[in-house]
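S.K.: Provide a 3D model corresponding to the input given below.
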Amino acid sequence: MTRRNAILALASITASCKWGDTSGYVGAIIVDDAGAPIVGADVHFACPLWHGQRGPGLSDGARAVTDATGAFIHTNIPDIDESCNMTVDKAGFVPRVLTRKDVAYSKKTLDGIPLPRVVLDRAK
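M.R.: Numbers count the residues shown, from 1 in each chain. Next up is the predicted model:
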């Protein structure tokens, strides 16, 4: 291996570790004003730049769908303050933009972490 190839390989490993360290798990339970789960709501992720760069695993443009309990869990969310927005949208409800303070977040897993309930208002 040439010195140039060794340097490129090391840079690649370093970059993949840096980006891998910026990911986590995010989740919440989406309910209506009566507390009933909202099944099939779309959750769209918009995550900004991390240290001035976009990188793999930042979930920009990713999507999740709530399950039969109204829950969604998604991985590869960057560990940056309040800068990842999640828009929850379901026909018949007013779309709602969430930030990290509205959801459960963990760098490892959401196992054992209670998911917060997020209420969507019905459209008028």
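
S.K.: What mean pLDDT does the strand or helix carrying Tyr105 get?
M.R.: According to DSSP states H and E, Tyr105 maps onto strand 104-106. Per-residue confidence for strand 104-106 averages out to 86 on the pLDDT scale.

S.K.: Can you list the strands that that strand pairs with?
M.R.: When pairing is defined by DSSP bridges, strand 104-106 lines up against strand 23-31 (antiparallel).

S.K.: Could you check the following helix or strand past the strand it pairs with and say which residues are buried?
M.R.: In the C-terminal direction, the helix or strand that comes right after strand 23-31 (DSSP H and E) is strand 42-46. Judged by neighbour count using 16 or more other CB atoms under 10 Å, the buried positions of strand 42-46 are 43-45. C-beta here means a position set from N, CA and C on the backbone, and glycine is covered the same way.

S.K.: one step back: now the strand holding Tyr105: buried residues?
M.R.: Neighbour-count burial for strand 104-106 flags 104-105 (criterion: 16+ other CB under 10 Å).

S.K.: can you list the residues that contact it?
M.R.: Residues from elsewhere that reach strand 104-106 (CB atoms under 8 Å, 6 or more residues apart in numbering): 24-28, 77, 110, 113-116.

S.K.: please redo it, this time with the cut-off set to 10 Å
M.R.: Taking contacts as CB atoms under 10 Å, 6 or more residues apart in numbering, the residues outside strand 104-106 that touch it are 24-29, 73, 77, 79, 84, 110, 112-116.
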